[in-house]
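[1] Would you be able to build a 3D model of this:
(chains A and B)
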Number of protein chains: 2
Amino acid sequence: MSSVFPEDSVGLVEPRIAHFAEPLALACGRELADYQLIYETYGTLNAAHSNAVLICHALSGHHHAAGYHSPEDRKPGWWDSCIGPGKPIDTNRFFVVALNNLGGCNGSTGPASLNPATGKPYGADFPVVTVEDWVNSQARLADRLGIEQWAAVVGGSLGGMQALQWTMSYPERVRHCLCIASAPRLSAENIAFNEVARQSILTDPDFHGGHFYEHDVLPRRGLRLARMVGHITYLSDDAMGAKFGRELKTDRLNYDFHSVEFQVESYLRYQGDEFSTRFDANTYLLMTKALDYFDPAAAHGGDLARALAVAKADFCLMSFTTDWRFSPARSRELVDALLAARKNVSYVEIDAPQGHDSFLLPVPRYQQVFSSYMNRIAI
Amino acid sequence: MSSVFPEDSVGLVEPRIAHFAEPLALACGRELADYQLIYETYGTLNAAHSNAVLICHALSGHHHAAGYHSPEDRKPGWWDSCIGPGKPIDTNRFFVVALNNLGGCNGSTGPASLNPATGKPYGADFPVVTVEDWVNSQARLADRLGIEQWAAVVGGSLGGMQALQWTMSYPERVRHCLCIASAPRLSAENIAFNEVARQSILTDPDFHGGHFYEHDVLPRRGLRLARMVGHITYLSDDAMGAKFGRELKTDRLNYDFHSVEFQVESYLRYQGDEFSTRFDANTYLLMTKALDYFDPAAAHGGDLARALAVAKADFCLMSFTTDWRFSPARSRELVDALLAARKNVSYVEIDAPQGHDSFLLPVPRYQQVFSSYMNRIAI
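    Sure thing, here's the model as predicted:
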């Protein structure tokens, strides 16, 4: 069996489910009486329980961060380039936990789950969840797994926001926070792009106010557009230029609206089509709201340093030069606030042409910096 | 009457219509047998007919560039800040012509016009028109008005592309080309945003394959989304931040999908709603295609300098520091090609926070540079 997977892979992995019967109070004022989280683990928890690393996922991520679900599986988990033996998050040293967040559509309780109050899918009635809520639910999962303190909480983009929130919500339970390609809050432009995505979904006639499950349809048009516009923001202008340029799909122009003229159109349509069949529209709405609402400084009069004052973790921040969704300037805001709050901070701005998506890719300099920080964490 | 309008306004203006019965051959291989152009003029054509300036509009523009249609009219034409007595395009000196392009929805022949072959609106059967086609139709309008040579052809964004094309299609007929916040061709990212806008419209169930006129509905959802995503690209992140920040619409968060939480959401929804009732969805598709297809270097093996070699005009280019739709780098590409082709070029990069929209706004430095160039044009 071992020969089936690459040597630096965690190999065959199996998701597990944790049920929680104790109600979880949410930021919106509502509560989830009962819920489950799906998760995977890689590596071995040591006797001192001091080597656990939590992976927090971004907008469309999930619990399957590394390895394969079957020998026939051709695609490993979404962060396989960073998790495994000898990789930045080295499973020879660390016990890695990756979960699907509440509100997700990959096995944790979410809008497609049955609402115990009605016996029907929650749909639009699923409560709006925030980064703080997720961190609280992750803390319960940590309790369940016997993890009193994480060696590190790690995430990129929206995942980086969760890693940050851990240091504020549970300062004693995080030794290191790795916050990659992230931001202390969304800009007006970030919110604007999320709003376009939401309006695409909400105005799709097949959305049925979020109760499309009962109508046996999927709001594919809306989800497809949301993904297309999202995808543009994940790449850089340079990356798109390098990947597609103005390359034509066929030899000559068609002069109509339906043909694909340029390769980039074909790419976007494919990304949108594929996503619209596998992702849940209500989950997409929830994820964009969690992004919009994240603003730890707000409760401290806009003073981010004061918000972070409570943290006890050491911080590692990374950003990518061509990321215009969460540009290096957004990471520097965080670095400045952390320094003002007298925290230990490492910050590296990595020269990479791939835009925001860089954090998911095996960029050599990124992996070096990532490995070198993780390897110095005492366990 | 004169006291009704500001002193530096061209005052009351009236659109005129020019009919053309001679067929116009188009780049797509089809032809328009018969068509009309709606236009306005400001100022007086001098005896030598040497003071005429053509204004070319951008994506959602039209012939009403300056002045007012009635004393009750509260909003002047779209470029009123730049056209009028003493303004950059000084109507005390120049005779200004502004038209609505073919395929438009403001009075020139377009998709909502009756197709003489069927007696029904063209709809999706209106031919795809290109920047070259527009310039050819504008040349016929010039003939009609007795203008052998333009003192200047002026445009921003897509309008700048038409100004450029004039110098290549009719080198003898343009003395000065003013190309503002424009680009020699779209980037892959530019095309990607256009494709999202098109897919929004094309997949709206009310679009009916472009024949919505016959169904007595408007594809408002699609046009609304197209405009929302477009609007994000017209502003800069900084401009959005300065205008909206993360300002909440109400005191507290609503934790739902339908409420407007942030001011920027309200702004985008308003822009989208307003546009979706006044603009034609087929015209929007045509305009984005004209943008995508513009690429004068393509016919010269990608050599822009060779494409521009034929030009006889002097060139004035302007760009805006925070414009990320057509960034200063895109104008510099043009400047480099024009210099390589040994043309006379002025280029100014204007520091303005408003992004791509700057070209429509009364930015003081912009107006100074614009005036100073126009004032030096001999008439």
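[2] make it CA atoms for all contacts and neighbour counts henceforth
    OK.
[3] can you tell me if the helix or strand of chain A with the lowest mean pLDDT touches chain B.
    The helix or strand of chain A with the lowest confidence, counting by mean pLDDT, DSSP states H and E, is helix A:237-243 at a mean of 89. Yes - Helix A:237-243 comes into contact with chain B (CA under 8 Å from any CA of the partner chain), by way of A:237, A:240-241.
[4] of those, buried ones?
    A:237, A:240-241 (16 or more other CA atoms under 10 Å in any protein chain shown).
[5] can I get those in a markdown table with distance to B:Asp143?
    Converted to a markdown table, those look like this (distance: CA to CA, whole Å):
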| residue | distance to B:Asp143 |
| --- | --- |
| A:Asp237 | 41 |
| A:Met240 | 43 |
| A:Gly241 | 41 |
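[6] Could you look up the SS state of A:Val154?
    Assigned with DSSP: H, G, I helix; E, B strand; the rest coil, A:Val154 falls in the strand class.
[7] Around chain B, pick out the residues from the stretch 101-250 of chain A.
    Near chain B, when you scan the stretch 101-250 of chain A using CA under 8 Å from any CA, you find A:127-128, A:186-189, A:191-193, A:195-196, A:198-200, A:203, A:221, A:225, A:228-229, A:232, A:237, A:240-241, A:244-246.
[8] Which other helices and strands does the least confident helix or strand of chain A contact?
    Judged by 3 or more CA pairs under 8 Å, 6 or more residues apart in numbering or on different chains; DSSP states H and E, helix A:237-243 is in contact with helix B:188-202.
[9] Distance from the helix it packs on to the middle of the chain?
    18 Å (CA atoms, centre = their mean, to the nearest Å).
[10] And the contacts of that helix?
    Applying CA atoms under 8 Å, 6 or more residues apart in numbering or on different chains, the external contacts of helix B:188-202 come out as A:225, A:228-229, A:232, A:237, A:240-241, A:244-246, A:257, A:264-265, A:268, B:207, B:209-210, B:219, B:221-223, B:225-227, B:229-230, B:281, B:284-285, B:288, B:292, B:325.
[11] State the mean pLDDT of it.
    Helix B:188-202 carries an average pLDDT of 97.
[12] After it, which helix or strand is next?
    Using DSSP states H and E, the next helix or strand after helix B:188-202 towards the C-terminus is helix B:220-234.
[13] Report the angle between that next one and helix A:188-202.
    170 degrees (axes from the mean of the first three to the mean of the last three CA atoms, to 10 degrees).
[14] Any chance you could list what contacts helix B:220-234?
    Contacts for helix B:220-234 (CA under 8 Å, 6+ apart): A:189, A:192-193, A:196, A:199-200, A:203, B:193, B:196-204, B:206, B:268-269, B:271-273, B:275-277, B:281, B:323-325, B:355-357.
[15] Name only those of these that count as buried.
    A:189, A:192-193, A:196, A:199-200, A:203, B:193, B:196-204, B:206, B:268-269, B:271-273, B:275-276, B:281, B:323-325, B:355-357.
[16] most centrally placed residue in chain A?
    A:Ala58 (1.1 Å; CA atoms, centre = their mean).
[17] Distance check, A:Asn115 against chain B.
    18 Å (CA to the nearest CA, to the nearest Å).
[18] Run through the residues that contact that residue.
    Applying CA under 8 Å, 6+ apart, the residues near A:Asn115 are A:121-122.
[19] From A:Ser9, how far out is it?
    38 Å (CA to CA, to the nearest Å).
[20] One more: A:Asp133?
    In terms of CA to CA, A:Asp133 sits 32 Å off from A:Ser9.
[21] For stretch A:112-121, which residues meet the burial criterion?
    A:112-113, A:115, A:121.
[22] Closest one to B:Phe95 out of these, please.
    Using CA to CA, A:Ala112 comes nearest to B:Phe95 of these, at 64.1 Å.
[23] how about the strands of the stretch 51-200 of chain A, start to end?
    Secondary structure of the stretch 51-200 of chain A (DSSP state E, counting those that start in this stretch): strands at A:52-56, A:83-84, A:89-90, A:95-99, A:150-156, A:174-180.
[24] JSON lines for those strands, including mean neighbour count and distance to A:Ala21?
    Shown next, in JSON lines, are these (neighbours: other CA atoms under 10 Å in any protein chain shown; distance: least, CA to CA, whole Å):
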{"stretch": "strand A:52-56", "mean neighbour count": "27", "distance to A:Ala21": "22"}
{"stretch": "strand A:83-84", "mean neighbour count": "25", "distance to A:Ala21": "31"}
{"stretch": "strand A:89-90", "mean neighbour count": "24", "distance to A:Ala21": "32"}
{"stretch": "strand A:95-99", "mean neighbour count": "25", "distance to A:Ala21": "18"}
{"stretch": "strand A:150-156", "mean neighbour count": "26", "distance to A:Ala21": "24"}
{"stretch": "strand A:174-180", "mean neighbour count": "26", "distance to A:Ala21": "25"}
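[25] For A:Leu37, pull up the helix or strand it's in.
    strand A:35-42.
[26] helices and strands around that strand, which ones?
    strand A:16-20, strand A:95-99.
[27] is stretch A:294-312 anywhere near chain B?
    No - contact of stretch A:294-312 with chain B (CA under 8 Å from any CA) is absent, the minimum separation being 9.6 Å.
[28] Report the buried residues of that stretch.
    A:294-297, A:304-312.
[29] any idea which of the residues you listed is closest to chain B?
    A:Asp295 (9.6 Å; CA to the nearest CA).
[30] quick one: A:Ala33 and A:Thr109 touch, right?
    No - counting by CA atoms under 8 Å, A:Ala33 stays clear of A:Thr109, with 11.2 Å between them.
[31] Looking at the two, which is more packed in?
    Neighbour count, other CA atoms under 10 Å in any protein chain shown: between A:Ala33 and A:Thr109, A:Thr109 has more, with 24 against 13.
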